[in-house]
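Enquirer: Here is my input; please provide its structure:
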Amino acid sequence: MANVADLLHAVPTDADEPGLAGETRLRELFARLSLRPVPTGTWRRFWRLGGLHAQIGLAYTMHWLRGWFQGAERKQRDLAATRLNAAFRLLETMGYLRGAIMKVGQTLANFPDFLPEEFVATLERLHFLAPPMHFALVREFLHNELGGDPEDVFASFETEAFAAASLGQVHRARLKTGELVAVKVQYPGIARTIRADVRGLVTLLWPLRLSRDWDSVKARIEYIHRTLELETDYRNEARLQERVRSLFREDDGIVVPRVFQEYSTHRVLTMEYLAGRHVHDYLAAGPTQDKRNRFAAKLVRSWYRLFYAARLHHPDFHPGNFIFMDDGRLGLIDFGCVLELEDEDWELMGKSDRPLTTGRRDERLAFLKEWLDLPSDAPEDDRLSLCDRYAEACWKPRTAAGEFDFGDEQEFRRAFDLFIEMLRKRYTRGRPLDAFISRWDFGSRSMLYRLQARVDVRAIAEQEIAATGWDRSDYATLSN
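Expert: Residues are numbered from 1 along each chain as shown. The predicted model follows:
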């Protein structure tokens with residue numbers, strides 16, 4: 001069977017005919033999309049998704065029909081090519097639509113052992129290599145935002161984006177004072193696409209309006225909508241970035257780039273440029289287990305530092321948001337999706353500390369009843385039992401004594417399988433924050449699984465609690 005690297009260099013345009021090489025096809029795809037504005041209408045965006053669904057369904061149908069006339073080896077190679085072509089179509093559609101739809105693709109790429117390898121290898125590009133805007137559009141946009149053309153505002157400005165993602169793209173530049181910077185430029189109209197996608201999602205979920213869980217689902221959709229819209233406000237991101245930057249010291253080995261406020265607006269964010277590699281390129285260099293463990297420990301510490309020292313929840317643990325620097329430091333570079341926990345959420349999340357620390361099932365069940373807004377004497381039904389098994393799987397790295405092996409494939413799969421079972425059984429009632437907690441659970445586990453890391457999570461959490469003076473005694477007793 002051909003591996004993914006071979007297929008990427010020889011992917012056919014359609015599963016049964018030869019075509020452009022994979023990388024050439026990708027470059028041409030991005031060149032076409034860079035000239036097209038992001039579609040903002042609800043029906044136009046969902047029509048495009050519907051067309052994608054039909055194309056992928058037809059491709060797999062044709063593979064099934066061809067399989068009647070193929071041997072086992074040929075059939076397996078044809079399946080790999082069909083998957084890769086479907087992934088390219090998915091990449092094209094998500095790259096064109098950008099916004100919330102593209103974030104779904106980034107999330108899917110976080111699960112290397114759940115989707116076919118061809119899908120993950122292709123969708124991973126959404127973290128770094130989304131179709132960028134043409135430079136003519138960037139020039140006009142920067143002129144409107146900063147009051148001058150890039151060559152007038154900056155000492156130098158690279159016309160080609162070195163990174164592009166769901167909401168914007170990033171260019172290297174140099175200030176006239178000499179600093180090397182990264183300039184994040186938002187795609188025009190991206191806020192309207194988020195509103196359109198939310199309206200479309202609400203339409204698709206219309207049948208749930210008659211269920212008892214609708215109020216819970218609606219509250220979560222509204223919370224997600226507010227959070228995504230905040231991500232389009234780069235002034236808010238700059239404020240959060242400076243706040244997070246103040247939390248780390250030089251000896252932490254964790255770096256947050258400085259923001260240059262005079263070169264930033266609501267839709268342009270200019271920050272210090274951090275040189276380094278993303279996790280895929282870092283792992284390709286073959287780092288030792290000890291080096292991988294040290295980077296993993298910094299990833300874990302960064303989340304706990306934000307949580308305990310500043311009441312911030314950083315759920316966006318995808319590969320594009322972290323820089324592995326050659327001197328061993330970890331760079332944190334994106335703070336658009338950092339949640340400032342409101343009092344009610346903070347108080348309730350604080351009550352998870354005791355079951356997280358002890359690992360006792362009775363204490364975990366008591367917490368889950370409060371989280372799910374159930375009476376303290378509610379019987380343990382199937383839903384509560386399933387939620388308990390899911391929480392136990394997600395919390396195991398923290399409750400475990402000593403190093404936890406994030407490279408354990410069975411442990412990695414367990415929480416995801418339980419989450420899918422909860423969705424299948426329509427156990428959808430919960431709190432608005434749930435979606436972002438799950439996003440962190442799966443995103444962080446995926447990053448640490450890729451690193452095949454072993455980390456003493458409990459020790460790091462205890463160090464952060466002690467350092468920040470968080471009084472856990474206030475949260476030791478669960479309310480009834």
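Enquirer: What segments of the stretch 301-450 of the chain are helices?
Expert: For the stretch 301-450 of the chain, the helices defined by DSSP state H, counting those that start in this stretch occupy 343-350, 353-358, 361-371, 382-399, 409-424, 434-451.
Enquirer: Send me the fourth one as PDB with only the CA atoms.
Expert: In PDB, the C-alpha atoms belonging to helix 382-399 read as follows (Å, rounded to 0.1, in the frame of the first residue of the first chain):
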ATOM      1  CA  ASP A 382     -27.300   5.700  32.300                       C
ATOM      2  CA  ARG A 383     -26.600   9.300  31.400                       C
ATOM      3  CA  LEU A 384     -24.900  10.100  34.700                       C
ATOM      4  CA  SER A 385     -22.900   6.900  34.600                       C
ATOM      5  CA  LEU A 386     -21.700   7.600  31.100                       C
ATOM      6  CA  CYS A 387     -20.800  11.200  32.000                       C
ATOM      7  CA  ASP A 388     -18.900   9.800  34.900                       C
ATOM      8  CA  ARG A 389     -16.900   7.400  32.800                       C
ATOM      9  CA  TYR A 390     -16.100  10.300  30.300                       C
ATOM     10  CA  ALA A 391     -15.000  12.600  33.100                       C
ATOM     11  CA  GLU A 392     -12.800   9.800  34.700                       C
ATOM     12  CA  ALA A 393     -11.100   9.300  31.300                       C
ATOM     13  CA  CYS A 394     -10.600  13.000  30.700                       C
ATOM     14  CA  TRP A 395      -9.300  13.600  34.300                       C
ATOM     15  CA  LYS A 396      -7.000  10.600  34.500                       C
ATOM     16  CA  PRO A 397      -3.800  12.600  33.600                       C
ATOM     17  CA  ARG A 398      -4.500  14.900  36.600                       C
ATOM     18  CA  THR A 399      -5.600  12.200  39.100                       C
END
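Enquirer: could you give the angle of it to helix 434-451?
Expert: Put simply, helix 382-399 runs at 50 degrees to helix 434-451, going by axes from the mean of the first three to the mean of the last three C-alpha atoms, to 10 degrees.
Enquirer: Let's test this: mean pLDDT of helix 382-399, rounded?
Expert: Mean pLDDT, helix 382-399: 93.
Enquirer: Tell me which of the helices of the stretch 301-450 of the chain lies nearest to A461.
Expert: Checking the helices of the stretch 301-450 of the chain against A461 by C-beta to C-beta gives helix 382-399 as the closest, at 6.1 Å. Every C-beta, even on glycine, is put in place using the N, C-alpha and C of the backbone.
Enquirer: which helices and strands does that closest one pack with?
Expert: Identification of packing neighbours for helix 382-399 by 3 or more C-beta pairs under 8 Å, 6 or more residues apart in numbering; DSSP states H and E yields helix 353-358, helix 361-371, helix 409-424, helix 457-468.
Enquirer: want to throw those helices into JSON lines with mean neighbour count?
Expert: Compiled in JSON lines, the helices and strands packed on helix 382-399 are given as follows (neighbours: other C-beta atoms under 10 Å):
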{"stretch": "helix 353-358", "mean neighbour count": "18"}
{"stretch": "helix 361-371", "mean neighbour count": "18"}
{"stretch": "helix 409-424", "mean neighbour count": "14"}
{"stretch": "helix 457-468", "mean neighbour count": "17"}
